[in-house]
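Participant: Whatever this is, show me its structure:
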Amino acid sequence: MTSPASRPVPPAAANPLNLRGAVDLSSLKQRPVAPPAASGTAGTPGSPAAGNGDEDHAGRPLRVDITEANFQELVELSAQVPVVVALWAAYSPGSAELVDVLERIVDSYDGRLVLGAADVEVFPQLAQAFQVQAVPTAVALVKGQPVPLFQGGAEEPQVRSLFDELLKVASANGVTGRIGAGGPAADGPEAPPLPPLHQKAFDAIEAGDYAAAADAYRQALLEMPADAEAKAGLAQVELMGRLQPLSAADTDALRQLAADEPDNLEAQLGVADLDVAGGHVEDGLGRIVAFIGRNFGPERETARVRLLELFDVVGATDDRVAKARQNLARVLF
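Facilitator: From the prediction side, this is the model:
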């Protein structure tokens, strides 16, 4: 259950994520559930320093040491709040530093993120499930599905930028909770309620009914054509709806078809959707611009309209959109 302060009007820069067919964690989810180990417990020799005991307003730790016993609880928690997973090992000299950095940064997000630290030597199945090639590695869980973040060390500004994008992706998928007292931060103002049609769309997103969410946003635009948030929300849920039915095999086949047939409109648009949803925004937008440059007639216009919709998904003020607009102008004129 999300608090009023965390109920989103989907932000213009959010990147909806296809959460189907990523990595199969089902075998791990069958393990017994136990409460997560709170930070501040003694670590194993050579492990990253144990958490400093920082907890949110409800006294619940924002740093959890992941074990086979508590992994299921974290998977379920990721339906409410993104869980950042740091995979480390005692033999990796950069592991301790990275976990410390991530713990400090996650703590600064005031309960909107949770950190899970996993020793891959103790829990090797997790590294296999995430297809980890080296440690340290950071991934995230959103609605139980992995979102790759980075491998190796990272500077704090880069990590914060990634976490900001992660929260946008999570929000676009209806994951907008906060680990805390069950409401807005104690010193923060309560957010105003959403307009009725926006709330209807948000509820539909949480239920996974993207068609109903799109209908609600379209109705909002009929009532107020200048509603920029409804326009962005519509573009986002339409993208989510296009991606929802795709399995991993479908996406592989679609990418192969796009590679074999560069002038196949549906294939190029489909791969552009996958790229934007997966965070490869420049690749996705550039793919459609290149198609427009090679083609004319109705297909060119269809591609142009889809490109404008993806601009709304990414956000009008995003530098990658500005660059794509410039490239579009070059191929059109």
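Participant: State the phi and psi torsions of residue 84.
Facilitator: phi -80, psi 130 (degrees, to the nearest 10).
Participant: residue contacts, it?
Facilitator: 102, 106, 113, 114, 115, 116, 138, 139, 140, 149, 163, 166 (CB atoms under 8 Å, 6 or more residues apart in numbering). Using the backbone N, CA and C atoms, a C-beta is placed for each residue, glycine as well.
Participant: so the fifth one makes contact with residue 104?
Facilitator: No - using CB atoms under 8 Å, residue 115 and residue 104 do not qualify as a contacting pair, with a distance of 9.7 Å.
Participant: between these two, who's got more neighbours?
Facilitator: Per other CB atoms under 10 Å, whichever of residue 115 and residue 104 has more neighbours is residue 115, with 26 against 15.
Participant: Show me how the protein divides into domains.
Facilitator: 4-172, 196-332 (automatic domain parsing).
Participant: sorry, back to before: mind listing which of the contacts of residue 84 are in strands?
Facilitator: Judged by DSSP state E, the contacts of residue 84 include 114, 115, 116, 138, 139, 140, 149 as members of strands.
Participant: beta partners of the second one?
Facilitator: Beta-bridge pairing for residue 115 (DSSP bridges): residue 63, residue 84.
Participant: Include mean pLDDT and distance to residue 178 when you put the domains of the chain into TSV, please.
Facilitator: Shown next, in TSV, are the domains of the chain (pLDDT from 0 to 100; distance: least, CB to CB, whole Å):
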stretch	mean pLDDT	distance to residue 178
domain 4-172	70	4
domain 196-332	91	15
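Participant: would TSV of those domains with distance to residue 179 be doable?
Facilitator: Below are the domains of the chain laid out as TSV (distance: least, CB to CB, whole Å):
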stretch	distance to residue 179
domain 4-172	4
domain 196-332	18
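Participant: Show me the helices in the stretch 101-250 of the chain, by range?
Facilitator: 124-129, 156-172, 196-206, 210-223, 228-243, 248-260 (DSSP state H, counting those that start in this stretch).
Participant: Deepest-packed of those, please.
Facilitator: The highest average neighbour count among the helices of the stretch 101-250 of the chain, using mean count of other CB atoms under 10 Å, belongs to helix 228-243 at a mean of 23.
Participant: Kindly export that helix (C-alpha atoms) in PDB.
Facilitator: Only the C-alpha atoms of helix 228-243 are listed here, as PDB (Å, rounded to 0.1, in the frame of the first residue of the first chain):
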ATOM      1  CA  ALA A 228       1.100  17.200 -20.000                       C
ATOM      2  CA  GLU A 229       1.200  14.600 -17.200                       C
ATOM      3  CA  ALA A 230      -1.700  12.700 -18.800                       C
ATOM      4  CA  LYS A 231       0.000  12.900 -22.100                       C
ATOM      5  CA  ALA A 232       3.200  11.500 -20.700                       C
ATOM      6  CA  GLY A 233       1.300   8.900 -18.700                       C
ATOM      7  CA  LEU A 234      -0.600   7.700 -21.800                       C
ATOM      8  CA  ALA A 235       2.700   7.300 -23.800                       C
ATOM      9  CA  GLN A 236       4.100   5.300 -20.900                       C
ATOM     10  CA  VAL A 237       1.300   2.900 -20.400                       C
ATOM     11  CA  GLU A 238       0.900   2.400 -24.100                       C
ATOM     12  CA  LEU A 239       4.500   1.400 -24.200                       C
ATOM     13  CA  MET A 240       4.000  -0.900 -21.200                       C
ATOM     14  CA  GLY A 241       1.000  -2.500 -22.900                       C
ATOM     15  CA  ARG A 242       2.900  -3.200 -26.100                       C
ATOM     16  CA  LEU A 243       5.700  -4.900 -24.200                       C
END
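Participant: Residue 314 contacts residue 321, doesn't it?
Facilitator: Yes - using CB under 8 Å, residue 314 is in contact with residue 321, at 5.2 Å.
Participant: got any residues that touch both of these two?
Facilitator: Common neighbours of residue 314 and residue 321 are listed as residue 285 (criterion: CB under 8 Å, 6+ apart).
Participant: Pipe the contacts of residue 84 into a markdown table and attach distance to residue 71 per row.
Facilitator: Formatted as a markdown table, the contacts of residue 84 follow (distance: CB to CB, whole Å):
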| residue | distance to residue 71 |
| --- | --- |
| 102 | 18 |
| 106 | 18 |
| 113 | 17 |
| 114 | 13 |
| 115 | 14 |
| 116 | 8 |
| 138 | 16 |
| 139 | 13 |
| 140 | 14 |
| 149 | 18 |
| 163 | 21 |
| 166 | 20 |
